[in-house]
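Asker: Any chance you can model this:
(one chain, ligands or ions: 1)
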Amino acid sequence: MRIIVAPTSSYAVHMVASRILEKLLSSPNSVLGLATGKTMIPVYSELVKLVNLSKSTDLKGCHFFMLDEYMDLPFNHSETFRNYIQSHLMEPIGLNESQFNFPPVHLSDGPLQYEETLKARGGIDLQLLGLGRNGHIGFNEPGSQKNSRTRVIKLSDDTIEANKDQFKEIIPTHAFSMGIETILDCRELLMLVTGKSKAQTVKYLISHYDDETCPATYLKGHPHFTLVLDPEAASRINLNM
Ligand code: GLP
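Answerer: From the prediction side, this is the model:
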């Protein structure tokens, strides 16, 4: 695992957005895995800015897979991750909807179909990841196994609590998520963590391996896993380790 502590939060965001753009430009057929959450909002806005600045950018051949999605929400609900990515990335850059793969949450064999689509596309070149306060990645909650594949997961009370301010009537209790092993299959993993509220989780992540109480620890064995932190998220770790 490579750990980068950026001097400011906006620099951390810039580093992540630049790496995504570099990956997208490295091959006209790049496949990217996309995360959502509050952490990623500035990343997508920086990426949109960088794409607009770089005149030679042609992203028509690139493909995107969403990491996860809430179950139980109507298709047109404003808080679906589909809607999130449409408004933060797809529309501002002018990407085509056909370049995006969304979890088929309404199909009973949706998880299997999503794995098959991923395989047919040749896998993910770069997967962007956030970190849940309880150590989850995607929606792989504590207790998830290292060999888990894409599936529907019951959300923990902590996750429901962390996200409930986004919902009014329906508060989702389940989510569709790529599994841990599905994420480990990606060729490169790029995780961004910002803010003081995640500092304790980052500390735990750095000092534990393959610990099911903090699923992010499973990623540490990946040969190309980069963790980008802002100073607040890194505030509880010893930088001289
Ligand atoms: C959410 C999502 C994750 C996200 C994480 C952190 O519940 N399932 O994909 O990375 O939790 O979210 P935030 O950035 O809002 O703290």
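
Asker: and this structure, which residues reach the ligand?
Answerer: By C-beta under 6 Å from any ligand atom, the residues of the chain that approach the ligand are 35-39, 67-68, 130, 132, 138-139, 159, 163. Heads up, the C-betas are built off the backbone N, CA and C, glycines and all.

Asker: Show me just the buried residues among the residues you listed.
Answerer: Burial by neighbour count, 16 or more other C-beta atoms under 10 Å: within these this picks out 35-37, 39, 67-68, 130, 132, 138-139, 159, 163.

Asker: Between those, which sits nearest residue 107?
Answerer: residue 68 (15.6 Å; C-beta to C-beta).

Asker: hey, what's residue 152 bridged with?
Answerer: residue 176 (DSSP bridges).

Asker: Can you get me a residue count around it?
Answerer: A count of nearby residues for residue 152, using other C-beta atoms under 10 Å, gives 16.

Asker: Could you list the low-pLDDT ranges of the protein?
Answerer: Applying pLDDT under 70 to the chain flags residues 240-241.

Asker: now the strands for it?
Answerer: With DSSP state E as the criterion, the chain has strands at 2-5, 31-34, 63-66, 68-70, 100-101, 126-129, 151-154, 174-177, 189-193, 225-229.

Asker: Can you tell me how far residue 85 is from residue 102?
Answerer: 8 Å (C-beta to C-beta, to the nearest Å).

Asker: Kindly compare burial across the strands of the chain and name the winner.
Answerer: Mean neighbour count (mean count of other C-beta atoms under 10 Å) peaks for strand 126-129 among the strands of the chain, with a mean of 26.

Asker: Might you report the residue contacts of the residue nearest to residue 21 when sequence neighbours are not counted?
Answerer: Spatially, and ignoring its direct neighbours in sequence, residue 21 is nearest to residue 50 (5.0 Å; C-beta to C-beta, 6 or more residues apart in numbering). Counting by C-beta atoms under 8 Å, 6 or more residues apart in numbering, residue 50 touches 17-18, 21.

Asker: Return the closest of those with respect to residue 211.
Answerer: Closest to residue 211, out of all of those and judged by C-beta to C-beta, is residue 17, at 30.0 Å.

Asker: close enough to count as contact, the closest one and residue 40?
Answerer: No - between residue 17 and residue 40 there is no contact under C-beta atoms under 8 Å: 9.9 Å.

Asker: intersection of neighbour lists for residue 85 and residue 102?
Answerer: residue 66.

Asker: which of the residues in the longest helix belonging to the chain are buried?
Answerer: For the chain, the longest helix by residue count, based on DSSP state H, is helix 9-26. By neighbour count on 16+ other C-beta under 10 Å, the buried set for helix 9-26 is 9, 12-17, 19-21, 23-25.

Asker: Okay, helices next: where are they in the protein?
Answerer: 9-26, 41-53, 81-85, 91-93, 110-120, 157-163, 180-184, 199-207.

Asker: how much space between residue 179 and residue 191?
Answerer: Taking C-beta to C-beta, one finds residue 179 at 17 Å from residue 191.

Asker: Residue 222 now?
Answerer: 10 Å.

Asker: List the contacts of the residue nearest to residue 229 when sequence neighbours are not counted.
Answerer: Leaving out its chain neighbours, the residue that sits closest to residue 229 by C-beta to C-beta, 6+ apart is residue 5, at 5.0 Å. Taking C-beta under 8 Å, 6+ apart as the contact definition, residue 5 lies against 229-231, 234, 239.

Asker: and the two most separated of the residues you listed?
Answerer: 230 and 239 (13.3 Å).

Asker: Counting neighbours, go ahead and name the busier of the two.
Answerer: Higher neighbour count among residue 230 and residue 239: residue 230, with 23 against 8, using other C-beta under 10 Å.
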